[in-house]
Every structure is written in C-alpha cells, then in structure tokens.
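Participant: Sequence and predicted structure below; questions after.
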Amino acid sequence: MTGDAFRPGPAGPGGLGDRAVPAGAAPILDQPFDSGTLYALRAAVQAHASQAGMPADRAGDMVLALHELAANAIRHGAGRGRLRMWHVAGTLSCEVLDDGAPDPDGRAGPGGPVKDPWPALYGHGLWLVRQVADRLELLSSPRGTRALVSFTLPPRDR
Amino acid sequence: VTVSADTVITDLGADDHACLTFGEREELLDLTAAFVRDGLAAGLRVVLVTQTPGQAVTRLARRGMAAEAAAADGQLVVTDGQDGLLAGSAFSAGHAMGWLRDELALSLRRGHAGLRVALDMGWALQPMTGIEELPALEEMIAAAVGGASLSALCAYDRDRFDPVTLASVTPWHSHSVAAPTYHADPVLRICRQYVPPGIRLAGELDFVAAESLAVALGEAIRMEGDVTVNMAALRFIDRSCARMIIDAARSLGDDRAVVLVCHPEVRGVFAHLDAASLPRLSLVTADDW
C-alpha cells in the first residue's frame, strides 16, 4: 500500500506528484485539522468540491474519503494533520499529512523506523477510501503517513 | 404552576398541560406521535393541531401507528386550527378556550374518557390580531386541565419563537417534556426516539462521538422489539459510526429487525459497508418517512 513519494512539485518519472500537482500550483485549500475541527474540514472540502464542479454524489464521496484519511491521521498518527487540495487538469487532488508539517524528503531515513501504517483491512477507513476515490497512494515515514487521493471531475467541467 | 423539567412524554397523564420546546422537526414529530399514540391507547379522543394537516395521518402511520383507522372513526381529529382554535386570521384566548371546551364536551358525549390536544403552536408565528393573548390562553388551559379529563401538549419552536414569548408561556405548563438526550452540541444531537422506538441522530456524526452513540445504541438494544435508527436529519456519518450501528444490528436476535432511515448520502456509507446483506436490517429513504 506504499506508493511513490509524493511531493508538491517535480517528482520522479511516473510519480504521482508530477502528474497530479505540478510545481508551483497553489492549493485551493490548505487547512490544519484535529479531532475538534473535522466538522470544519468536511465543510471546506464540500464547498471546494462543489465550487470546482464536482457532482453532489461525488462531492459526498470526497468528503467521506478525506474525513476517513484525516480520521486515520488523528487516530493512528500524530493526532492532528493538514489537508491540501489542488485543482489541476480536471482533477481534484488532495494530500493528507498526519504530522501537520510536510516531510521534505518524503521517505524514511536510513535508520528511522517506519511508523505503523494506517489500517487498510476490509471495512476500515483506507479500504473505504479505495472504494470511492479514483486514486490513492500512501507513504509512511518515521514522521508519519502522507496520503494523496484524487477525484476526477466530470468532462464538462474540465 | 410549577414546571418540572424534562418529563418523559410517555409519563404524561390525562390532565397534564405539557410544554415542548423543540429544536428539530423530527423531535416535534416524534414526541407528538408518542403523545397521540398514548392518548389513543388510553381511549381518549385526540385532536392534533398542526401546520401540515394533510400529511399528519400518513406520517403517524409510517411510524407504525393505526392512525388511519383512528381518523376514520373520529377518535383522532387533525386540523390546522383555522376554523376552531382560531377565528379565521384572528386570535382570542376566550374564543380558543371555548373551542377547547366544546371539543372536550364532544369527546365525553361520544363516550371517550377525555380529550387530549396536541398543539403545534407554529400558527402563533403568523401575522395575527390578538396574538398578545397567547399567555392568557396558556393560563386558561392550566386552570382547565385539573380533573377535567383534558390534557394538552403545546409545542413551541425554540428557534422561531422569541425568548420573551417563550418566557411568558412556558411557566403555565405543569410539565416540560423532552426526549432523553445522549449527546447535544452544535454539530450533533443524539436522542431517544419513541415512535417507533429507537434513536434519532441529527447533524454530523463521526468517531469523536462514538461513546455517546454506543450508549444510545446500547439502551435501544436493551428495550424490546424492533429498533429504528432515524437519521433523517443526519447529513454525515463516518465509517466507524456506521460500522457501530451495523454491529449493533448484528447483535440483535433473529426476531428483531433494525430499520435505518436516512438520506442517500448517509445511505451510501451503509451501502459501502454492505449493510443490506444483513437479513433483519432494512434501509428506508428519509423522503418516504
């Protein structure tokens, strides 16, 4: 379940970062969260998804998926995190970080233990995210887990 | 008159004057349904004054009550109050009280043990002459209920009535009714539901409130019969809470069913978790509720 390192800028050939989030693209949403602000996070995701032209049912899927990723960050990670969303090339791409700060190299250090990954069993949060998202990639590092999830907008809105 | 706070609606007697200050429409519908159901079961004639008289019997029937039969034989009367409680678009406490006395006399003549009146006071929010007499009506009802086989439930929308009006009418009631509440904050409310028995969820529900949900589900399971989880006013549920509800349904015996009432966005979460595969669980669309 570990994907390529995701960086909001140039990444290796075929890496998710360079496809979904070009260098220099400004996020349309950048919001920290913890267990007391999930309601506000969901409201922000809903508003931005609708504003970008996402149909109501898929906007609901986005809210559910990003809530579950944020919930994983809270329950299995640092207890807080940060969500960023980009609108690029007909896709809404979101990054959820569970340590509240971007990991500059995106990989575990040579001696650093990788944290326990978020649970991805049947019926758990990541499993549900995979059911509703168009793409999900994860990277665990000693500093936490980062998830990149993307949802394709309908063609007429691209 | 002393208001006893938060009386359980099913404990109201045949000569009580109770006040319900509600915050959600489902709360009004459920507590009114319980009041009507218990009145019909006690052999009382029941008059329901509502702003949506055309839908009331259907709504009660959907909640499992024999409302059509009671309406057909006259034990249950549903009205918007325009030609009875009110005189057209005018209000007078004396006229309204006269209507109530006439209804009580009619109930007794027809052999009923008394009259039970459920009043959605929403009519008092309309432009109307004489509305300043509203506290006087409540005072008259308070004086009339004792020993007269007359009981009344006056329901006020706490968000639409101003605090001054509420303060002027609530002290005239012998009881203040409210559903037992397991969780209440600006985002989420979890209450007991009476008709049909179960729990009611409103707002947005996620793992942060899992403990409250567990308590509410546990209490609903310990009661007898089928369990309804009314999520008609729930906008969001996360996976962990949906899973708790499914697990609670799974823990019930084969002779008990679970009904989940929800809108499509909430229904979708249960569908992802394959809730429909449980033989004794059914998903009902909130629009049909």
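Facilitator: Here it is on my side, so go on. Numbers count the residues shown, from 1 in each chain, chains lettered A, B, ... in the order given.

Participant: Now the closest residue to residue B:88 other than its chain neighbours, what are its backbone angles?
Facilitator: Counting by CB to CB, 6 or more residues apart in numbering or on different chains, the nearest residue to residue B:88 once its immediate chain neighbours are dropped is residue B:82, at 6.9 Å. C-beta here means a position set from N, CA and C on the backbone, and glycine is covered the same way. According to degrees, to the nearest 10, the main-chain angles of residue B:82 amount to phi -60, psi -40.

Participant: Which residue would be the closest one in chain A to chain B?
Facilitator: Distances from chain A to chain B, computed as CB to the nearest CB, single out residue A:60 as the nearest residue at 4.4 Å.

Participant: For chain A, see how far away the residue nearest to residue B:88 is.
Facilitator: Taken as CB to the nearest CB, to the nearest Å, the spacing of residue B:82 relative to chain A amounts to 38 Å.

Participant: Next one: that residue from residue B:50, what distance?
Facilitator: 12 Å (CB to CB, to the nearest Å).

Participant: Who has more neighbours out of those two?
Facilitator: The residue with more neighbours, out of residue B:82 and residue B:50 and counting by other CB atoms under 10 Å in any protein chain shown, is residue B:50; that gives 22 against 13.

Participant: What helices and strands are in contact with the helix or strand residue B:99 falls within?
Facilitator: Under DSSP states H and E, the secondary-structure element containing residue B:99 is helix B:93-109. Based on contacts counted as 3 or more CB pairs under 8 Å, 6 or more residues apart in numbering or on different chains; DSSP states H and E, the elements that helix B:93-109 packs against are strand B:45-49, strand B:115-120, helix B:134-145, strand B:150-157.

Participant: now it: how far from the chain's centre is it?
Facilitator: On the basis of CA atoms, centre = their mean, to the nearest Å, helix B:93-109 sits 23 Å off its chain's mean C-alpha point.

Participant: Would you map the strands across the chain?
Facilitator: You didn't pick a chain, so chain A it is. Assigned by DSSP state E, the strands in chain A fall at A:29-34, A:80-88, A:91-97, A:135-141, A:144-152.

Participant: that's the wrong chain, I meant chain B
Facilitator: Along chain B, the segments classed as strands by DSSP E run B:4-7, B:17-22, B:45-49, B:76-79, B:115-120, B:150-157, B:175-177, B:181-184, B:188-193, B:198-205, B:227-237, B:258-262, B:281-285.

Participant: can you put the ones you listed in CSV and add distance to residue A:37, mean neighbour count and mean pLDDT?
Facilitator: Formatted as CSV, the entries for the strands of chain B read as follows, by distance: least, CB to CB, whole Å; neighbours: other CB atoms under 10 Å in any protein chain shown; pLDDT from 0 to 100:
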stretch, distance to residue A:37, mean neighbour count, mean pLDDT
strand B:4-7, 31, 12, 65
strand B:17-22, 29, 23, 94
strand B:45-49, 43, 26, 98
strand B:76-79, 45, 20, 97
strand B:115-120, 37, 26, 97
strand B:150-157, 30, 24, 96
strand B:175-177, 34, 21, 93
strand B:181-184, 18, 18, 94
strand B:188-193, 14, 23, 95
strand B:198-205, 13, 25, 96
strand B:227-237, 14, 23, 96
strand B:258-262, 25, 24, 96
strand B:281-285, 31, 16, 92
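
Participant: Tell me which of those strands sits nearest to residue A:68.
Facilitator: With respect to residue A:68, and counting by CB to CB, the nearest of the strands of chain B is strand B:227-237 at 11.6 Å.

Participant: which bits of chain B sit near chain A?
Facilitator: Contacts of chain B with chain A, taken as CB under 8 Å from any CB of the partner chain, map to B:187, B:204, B:206-208, B:236, B:238-240, B:243, B:264-265, B:268-269, B:272-273.

Participant: Need the max-distance pair from these.
Facilitator: Using CB to CB, the residues of chain B next to chain A span at most 23.8 Å, a distance reached by B:208 and B:264.

Participant: Of those two, which one has the most company?
Facilitator: Neighbour count, other CB under 10 Å: between residue B:208 and residue B:264, residue B:208 has more, with 20 against 13.

Participant: Now do the contacts for the more buried one.
Facilitator: With contacts defined as CB atoms under 8 Å, 6 or more residues apart in numbering or on different chains, the neighbours of residue B:208 are A:35, A:36, A:38.

Participant: Enumerate the residues of chain A near chain B.
Facilitator: If contact is defined as CB under 8 Å from any CB, the residues of chain A in contact with chain B are A:35-36, A:38-39, A:42, A:57, A:60-61, A:63-64, A:67-68, A:71, A:75, A:123-125, A:128, A:131-132.

Participant: Could you rerun that using 10 Å?
Facilitator: Within reach of chain B by CB under 10 Å from any CB of the partner chain, chain A has these residues: A:35-36, A:38-40, A:42-43, A:46, A:56-57, A:59-61, A:63-64, A:67-68, A:70-71, A:74-75, A:122-129, A:131-132.

Participant: Distance of the residue most central in space within chain B relative to chain A?
Facilitator: For chain B, the residue whose C-alpha lies nearest the mean C-alpha position (CA atoms, centre = their mean) is residue B:31; its distance is 2.2 Å. Computed with CB to the nearest CB, the distance linking residue B:31 and chain A is 27 Å.

Participant: and the gap between that residue and residue B:175?
Facilitator: Using CB to CB, which is the criterion applied here, residue B:31 is 12 Å from residue B:175.

Participant: confidence score at the residue of chain A closest to chain B?
Facilitator: Predicted confidence (pLDDT) for residue A:60: 95.

Participant: first to last residue in stretch B:35-54, what's the distance?
Facilitator: Taking CA to CA, to the nearest Å, stretch B:35-54 runs 19 Å from one end to the other.

Participant: so how far is it off the chain centroid?
Facilitator: Chain-centre distance of stretch B:35-54: 11 Å, with CA atoms, centre = their mean.

Participant: For it, which residues meet the burial criterion?
Facilitator: By neighbour count with 16 or more other CB atoms under 10 Å in any protein chain shown, stretch B:35-54 contains the buried residues B:35-40, B:44-50.

Participant: Same question for stretch B:75-94.
Facilitator: For stretch B:75-94, the buried set under the neighbour-count rule, 16+ other CB under 10 Å, comprises B:75-78, B:80-81, B:84-87, B:91-93.
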